[in-house]
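Visitor: Quick one, what's the 3D model for this:
(one chain, ligands or ions: 1)
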Amino acid sequence: MTGTFTALPAFFLCGPKRGPVEQPFLQVQRTMARVFLGGLLALGWCGQSYAQSLMPDKAPVQNWSFNGPLGHFDLAAVQRGYGVFAGVCAACHSLKDVHFADMAQTGLTPDEVIALAASWKVPVAVGSERLRKGLPDDAFPNPYTTPEAARAANNGAVPPDLSRIGVLYPGGPDRIFALLTGYDTGPKQAGGQGAAPPGFANRYAIAHRTAMPPPLHQDAVVNADGTPATVEQEAKDVTTFLAWVSAPHADSKRRLGVGVALYLCFLAILLVILKRRIWSHVAK
Ligand code: HEC
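Guide: Residues are numbered from 1 along each chain as shown. Prediction:
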């Protein structure tokens, strides 16, 4: 609409001048300018509605435990989210900046970390097809050896690495959660074939379509703490896990920030008292 409002005055400004003599070449110029501006106007309008149709919907705001200056990661949710990642997402996504040993920070003992690492298979060398058991120092492996293999398995799209998605994804954790739970499974979309464009309908994806098939299903994982594995719960937990993975030190930074703020308040009070004391000897 902005395009319309800026182009309209320009359109009328180029209208015929009420003068006694109208030179023919000026008339031609004006007609050309009108056609040009009319085109611009139409283009602006179409472009805008086209851009709007590509915009993902705004994700509803969720009440994450890790939001705000006093927030903290719910480590039980992070551990359940790891289960969802390992059982579901790791079939397609890598987590190349995260090492098995990092999981110790979620409250696992060294033995549990070794067992967790050993439950994964990692390539013996970069790009190698041969696999060995994982060790705590290994990073989460990429399920595909090359981007071409990833593309071939996913209808031409490469599943992105999720190491930093919690901070880099526009819309953040709210939108990751919305994307995971926001698939349109109406009868029109079933199969995603026929007249429908390729991919899966999802209002939170760019152009409302994503190449990722709906990854979560009821009871896709069994939670060790007995939490029922509904799609919503799995999405919440895996989003918490991805947010933690992207900023594992956020909690200690927040604690330090609160400590510094309290210290500065204390210092300010002390300085006020000191100032009063020093100046109390000076007569007004
Ligand atoms: C069958 C393979 C597959 C599985 C399983 C899978 N994904 Fe994806 N994912 C993809 C592909 C392919 C894309 C790229 C989509 C695109 O570019 O349209 C993607 C993209 C994404 C994106 C970025 C979305 C965007 O707008 O580009 C996020 C976030 C994501 N996946 C999270 C997850 C999580 C969390 C899980 C586990 C619960 C998961 N994925 C499971 C294939 C998968």
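
Visitor: where exactly do the helices run in the stretch 151-284 of the chain?
Guide: Here the stretch 151-284 of the chain has its helices, by DSSP state H, counting those that start in this stretch, at 165-168, 172-181, 231-246, 250-279.

Visitor: Mean neighbour count, those: which tops it?
Guide: helix 231-246 (a mean of 24; mean count of other CB atoms under 10 Å). (Each C-beta comes from the backbone N, C-alpha and C, glycine too.)

Visitor: how about that helix against the ligand, any contact?
Guide: Yes. Contact of helix 231-246 with the ligand is found when judged by CB under 6 Å from any ligand atom, involving Val238.

Visitor: Could you export that helix as PDB, CA atoms only?
Guide: Output in PDB follows, covering the C-alpha atoms of helix 231-246 (Å, rounded to 0.1, in the frame of the first residue of the first chain):
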ATOM      1  CA  VAL A 231       3.500 -33.800  20.100                       C
ATOM      2  CA  GLU A 232       3.200 -30.500  22.000                       C
ATOM      3  CA  GLN A 233       5.400 -31.800  24.900                       C
ATOM      4  CA  GLU A 234       8.000 -33.200  22.400                       C
ATOM      5  CA  ALA A 235       8.100 -29.900  20.600                       C
ATOM      6  CA  LYS A 236       8.500 -27.900  23.800                       C
ATOM      7  CA  ASP A 237      11.300 -30.200  25.100                       C
ATOM      8  CA  VAL A 238      13.200 -30.300  21.800                       C
ATOM      9  CA  THR A 239      12.900 -26.500  21.500                       C
ATOM     10  CA  THR A 240      14.300 -26.100  25.000                       C
ATOM     11  CA  PHE A 241      17.100 -28.400  24.100                       C
ATOM     12  CA  LEU A 242      18.000 -26.500  21.000                       C
ATOM     13  CA  ALA A 243      17.800 -23.200  22.900                       C
ATOM     14  CA  TRP A 244      20.200 -24.600  25.500                       C
ATOM     15  CA  VAL A 245      22.500 -26.000  22.900                       C
ATOM     16  CA  SER A 246      22.700 -22.500  21.200                       C
END
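
Visitor: Also compute the angle for it relative to helix 250-279, please.
Guide: 60 degrees (axes from the mean of the first three to the mean of the last three CA atoms, to 10 degrees).

Visitor: does Lys121 have beta-bridge partners, and which?
Guide: Lys133 (DSSP bridges).

Visitor: Now mean pLDDT and distance to Pro198 too, for the helices of the stretch 151-284 of the chain, in JSON lines please.
Guide: JSON lines is the format used below for the helices of the stretch 151-284 of the chain (pLDDT from 0 to 100; distance: least, CB to CB, whole Å):
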{"stretch": "helix 165-168", "mean pLDDT": "95", "distance to Pro198": "23"}
{"stretch": "helix 172-181", "mean pLDDT": "97", "distance to Pro198": "18"}
{"stretch": "helix 231-246", "mean pLDDT": "97", "distance to Pro198": "24"}
{"stretch": "helix 250-279", "mean pLDDT": "95", "distance to Pro198": "37"}
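
Visitor: Make a markdown table from these and add distance to Ala59 to it.
Guide: What follows is the helices of the stretch 151-284 of the chain, written out as a markdown table (distance: least, CB to CB, whole Å):
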| stretch | distance to Ala59 |
| --- | --- |
| helix 165-168 | 14 |
| helix 172-181 | 4 |
| helix 231-246 | 11 |
| helix 250-279 | 20 |
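
Visitor: Output the set of residues of the stretch 151-284 of the chain in proximity to the ligand.
Guide: 154, 157, 159-160, 165, 169, 176, 179-180, 205, 210-213, 215-216, 238.
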